[in-house]
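[1] Sequence and predicted model, in that order:
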Amino acid sequence: MSDEWKAKTKLVHGGTRRSQYNEVSEAIFMTQGFVYETAEQAKGRFEALGEDEFIYARYGNPTVAMFEERIALLEGAEDAFATASGMAAVNGALMSMLKAGDHIVAGRALFGSCLYIVEEILPRFGVEVTLVDATDLAAWQAAVRDTTRAVFFETVSNPGLEVADIKGISEIARAHGALVVVDNVFSTPVFSDAIAQGADAVVYSTTKHVDGQGRALGGVILGTREFIRGTVEPYMKHTGGAMSPFNAWIMLKGLETIDLRVRAQAAAAARIATALEGHDKLARVIYPGLESHPHHALAMAQMGAGGTVLTFEVKGGEAAAFRFLDALRIVLISNNLGDAKSIVTHPATTTHQRLPGDQKALLGISPGLVRLSVGLEDEEDLLADLTGALAQV
Ligand SMILES: *Cc1c(COP(=O)(O)O)cnc(C)c1O
């Protein structure tokens, strides 16, 4: 039934499991375990887990299951496994399927911790890694070989906001039998259609837009039932990266409002990007929703929107960027994104500080670059805050 509902209905009602009290708002089943009526029932449950049956919260929990089902409905995925954080999801999706001797190809412009897994951890276990420019289909074509087990990329890169072609990369990967795993945080679950576009597995940090209010860490891996239950679940349940039932409840309630929030944030981001483009204190404004963006057409075809984040380069390097950040009165200096509160980040000295200079240059992380995650404040207040701070540079 719920498969036929439109997305917004799925987000409010999908996956609901009511207890005997028939509560309206989903219950938090804050329990690690479950009581069996008889020894025989315990035996039966360990032999084969039935629908709506649970053994231990590391394996599954009713509140976590509600969240998994609801987000799977939104994404159009057969199944989902919720994780303790976005990084537990990325690690779980990759480690659960890879073994020594495998090869993977990954987009170079990755979130710092994703890059650490791909560059530092996987090679320790004999997985060979090739990094490519994710926007260059010819580079993917040249890098993929018969031992390539998976390709992995961020569909919109952080902080450069370059857009990778999910369909194009998936066709190349599929021709070599490689699984396509995308980190879709910057596309957001609202604008994602990654599975229809060819991805086999989609990973989110639900810390970002799903919570959307800066409260809890979380992550999720979405894919086919075979991949989630056959490959991901055995790895996750034995290695302990499960989502807490309390956090699952936060994420579940986050899904009820995510469509409204993310669309409002993306519309505000588009208007702010348009207003700031050409500002005399800025060298450039990067936003996939702007026609000036090199991948504007692809972004519109793939997501139908530009997303909730924009970046811009303040003229005058780090000193000018810091003056701008320090002069803001509403927008907060922090490093989350997708939050109801607008947040600015200076990637070169924080999130991407560890990267060597040549890597920073390659990814366009210049000393003047600022990332802005647009929240839910009044747009006029935000613009006044941003332009007021720029005036002080
Ligand atoms: C935040 C983020 C992650 C990691 O998520 P956590 O919830 O912080 O572990 C991974 N990938 C991208 C693109 C992110 O923005």
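    Now that the structure is in, tell me what you want to look at.
[2] and residue 300, what is it in contact with?
    Taking CB atoms under 8 Å, 6 or more residues apart in numbering as the contact definition, residue 300 lies against residue 289. (C-beta placed from N, C-alpha, C; glycine too.)
[3] That one - that's part of a helix, no?
    Yes: with DSSP: H, G, I helix; E, B strand; the rest coil as the criterion, residue 300 is part of a helix.
[4] Begin at 3, not 1, for the rest of this chat.
    Sure thing, new numbering starts at 3, so read that last one as residue 302.
[5] Can you check the pLDDT for it?
    Listed pLDDT for residue 302 reads 97.
[6] any idea how far it is from residue 274?
    As defined by CB to CB, to the nearest Å, residue 302 lies at a distance of 18 Å from residue 274.
[7] Ramachandran angles for whichever residue of the stretch 103-252 of the chain sits closest to the ligand?
    Taking CB to the nearest ligand atom, the ligand has its nearest neighbour within the stretch 103-252 of the chain at residue 207, 2.9 Å off. Summarising the backbone geometry of residue 207 under the convention degrees, to the nearest 10, its torsions are phi -90, psi 110.
[8] ok, now which ones touch the residue nearest to it when sequence neighbours are not counted?
    In space, not counting the residues next to it along the chain, residue 207 is nearest to residue 88; the distance is 2.3 Å by CB to CB, 6 or more residues apart in numbering. By CB under 8 Å, 6+ apart, residue 88 lies in contact with 187, 205-210, 219-221.
[9] can you list those residues in TSV and add secondary structure and neighbour count?
    Formatted as TSV, these follow (DSSP: H, G, I helix; E, B strand; the rest coil; neighbours: other CB atoms under 10 Å):
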residue	secondary structure	neighbour count
187	coil	29
205	strand	29
206	strand	30
207	strand	28
208	coil	31
209	coil	24
210	coil	24
219	coil	18
220	coil	28
221	strand	29
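[10] which among those residues gets closest to residue 325?
    For residue 325, the closest of those turns out to be residue 210, at 27.8 Å, with distances computed as CB to CB.
[11] Now the closest residue in space to the closest one that isn't next to it in sequence, what are its backbone angles?
    Of all residues not flanking residue 210 in the chain, residue 340 sits nearest, at 3.6 Å (CB to CB, 6+ apart). As for residue 340, its main-chain torsions (degrees, to the nearest 10) stand at phi 80, psi 10.
[12] Tell me which residues touch residue 340, please.
    When contacts are taken as CB under 8 Å, 6+ apart, residue 340 is in contact with 187, 190, 210-211, 214, 264, 267, 310-311, 375.
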